[in-house]
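Enquirer: generate a structure from the sequence data that follows.
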Amino acid sequence: MTDIQSTLARLAKENDQRTSVFEVEIQELKNSTVTLSGRLLDRSQLEELHRLFPNLKLDTALIRVLDAGTHEFVHVATSLTGLYERPTFNMPLSSELTYGTTLEVLDEKDNWVFTRQTDGYLGWVYRPYLSEGPAPAATHLVLTPSTELHTHPEESSPVLTRLVSGTGVVLQEINDDWARVQAHRSGWMRSSRLRSLAGIPSDVQEKRTCMASDAMRMIGVPYLWGGTSGNGIDCSGFARLLHRWVGVDIPRDADMQYQAAFPVEPPYETGDLFFFGEGGSGRKVTHVGVSLGGWRVIHASRGNNGVYIDDLQEKWSLRDSFVRAGSFLRQK
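Expert: Numbering: from 1, shown residues only. Next comes the predicted model:
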């Protein structure tokens, strides 16, 4: 009994809740049969349990395998909503999701759904903020920390809503320097605050040039753990947003970005990522910044309380915690 409990506890501790599910406990121990209950993400985990305890008879009928059969797909139907580890607002953000984000529903509880994003990232989302099916395919991205949608193509007209950085929208109409777009609502915004998906440069050097100017748009945006937008953003959310604006998808969190990026050495180019390790965390990498060329870095940090520029050769707290650099723009 003790061996089973300790093994289950170890597996739960090793499980990365951002991309997997391991919530298994002993329901009953009767004679030589151990009844288990809980949730797993896929059947391979169920098979692994049987391999780990070959001398025991395991009853796993009460374990729900979430990634089984077909699932409902939904999309975020409000300007911005939170992603959480548990189905409640009473805990810190894991991340944020902009309008149009497609989600696969794996589980439900009350007004919450347990979802998986296209990159495998998991979390709970408040159901009333979602709509059925995927959103219409976006044609443009919002290219500013946040922007107002107006009822008419003029600043004096009433504000309908606000959209945040990186939101995908559908362009409906152009009127001089105004654009009518469809998101969770339809309204008018300045066309200069949009980037056409079709117009995103394919050349790597052009992407770097865009990233340098795009980064400046976010200067002063406050730091927010789990934040992904101009309302507040964290380090990896900022790095991911800059890549999204130039048509490159990268993982959500700093340690995931570290694992997926191509390692690079000096001289560093604009758009390369600097990875840092901080004490008090089980993860090797806990912070990321974006190079502006050489050792200059722009990043969303708690120390600065927002997005600002630092120089690693001058700021030793960063230099001392530097792990290595990586890139999603350089070829492997």
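
Enquirer: report the central residue of this protein.
Expert: Nearest to the geometric centre of the chain sits residue 252, at 3.8 Å (C-alpha atoms, centre = their mean).

Enquirer: run a quick check on that one versus residue 119, I expect a contact.
Expert: Yes - contact criterion C-beta atoms under 8 Å: residue 252 and residue 119 qualify, at 7.1 Å. (Each C-beta comes from the backbone N, C-alpha and C, glycine too.)

Enquirer: tell me the domain ranges of this protein?
Expert: 2-65, 73-132, 140-196, 204-327 (automatic domain parsing).

Enquirer: quick check: residue 78 vs residue 181, distance?
Expert: Counting by C-beta to C-beta, to the nearest Å, the gap from residue 78 to residue 181 is 15 Å.

Enquirer: more neighbours, these two?
Expert: Per other C-beta atoms under 10 Å, whichever of residue 78 and residue 181 has more neighbours is residue 181, with 27 against 17.

Enquirer: secondary structure class for that one?
Expert: Here residue 181 is recorded as strand under DSSP: H, G, I helix; E, B strand; the rest coil.

Enquirer: next one, pLDDT for it please.
Expert: At residue 181, the model reports a pLDDT of 98.

Enquirer: ignoring the adjacent residues along the chain, who's closest to it?
Expert: residue 169 (4.0 Å; C-beta to C-beta, 6 or more residues apart in numbering).

Enquirer: repeat that for residue 28.
Expert: residue 35 (4.1 Å).

Enquirer: C-terminal to the helix or strand harbouring that neighbour, what's the next element?
Expert: For residue 35, the host element (DSSP states H and E) is strand 33-40. On the C-terminal side of strand 33-40, the closest following helix or strand by DSSP H and E is helix 43-52.

Enquirer: need the residues that contact that following helix.
Expert: Around helix 43-52, the neighbours that count as contacts under C-beta atoms under 8 Å, 6 or more residues apart in numbering are 7, 20, 22, 24, 36, 40, 58, 60, 63, 65, 67, 68.

Enquirer: specify the angle between that helix and strand 33-40 in degrees.
Expert: For helix 43-52 against strand 33-40, the angle between stretch directions is 150 degrees (axes from the mean of the first three to the mean of the last three C-alpha atoms, to 10 degrees).

Enquirer: buried ones in helix 43-52, by neighbour count?
Expert: For helix 43-52, a neighbour-count test (16 or more other C-beta atoms under 10 Å) marks 45, 46, 49 as buried.

Enquirer: how about the helix or strand that it is followed by as CSV, C-alpha atoms only?
Expert: For helix 43-52, the succeeding helix or strand toward the C-terminus, using DSSP H and E, is strand 57-65. Provided in CSV are the C-alpha atoms of strand 57-65 (Å, rounded to 0.1, in the frame of the first residue of the first chain):
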residue,chain,number,x,y,z
LYS,A,57,-4.3,-6.5,-9.8
LEU,A,58,-5.3,-3.0,-10.6
ASP,A,59,-8.9,-2.0,-11.1
THR,A,60,-8.7,1.2,-13.2
ALA,A,61,-12.4,1.5,-14.3
LEU,A,62,-12.8,4.6,-12.2
ILE,A,63,-10.0,6.5,-13.9
ARG,A,64,-11.2,8.8,-16.6
VAL,A,65,-9.0,9.1,-19.7
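
Enquirer: can you pull the buried residues of the first helix or strand past strand 57-65 going along the chain?
Expert: Next along the chain after strand 57-65, taking DSSP H and E as the criterion, comes strand 73-76. Buried residues in strand 73-76, defined by neighbour count with 16+ other C-beta under 10 Å: 74, 75, 76.

Enquirer: nearest to residue 94, of those residues?
Expert: Set against residue 94, the nearest of these by C-beta to C-beta is residue 76 (14.5 Å).

Enquirer: got a list of what residue 295 touches?
Expert: Contacts of residue 295 by C-beta under 8 Å, 6+ apart are 268, 311, 312, 313.

Enquirer: change it to 10 Å
Expert: 266-268, 274, 310-315, 318-319, 322, 325 (C-beta atoms under 10 Å, 6 or more residues apart in numbering).

Enquirer: start to end distance for stretch 286-301?
Expert: Using C-alpha to C-alpha, to the nearest Å, the end-to-end distance of stretch 286-301 comes to 11 Å.
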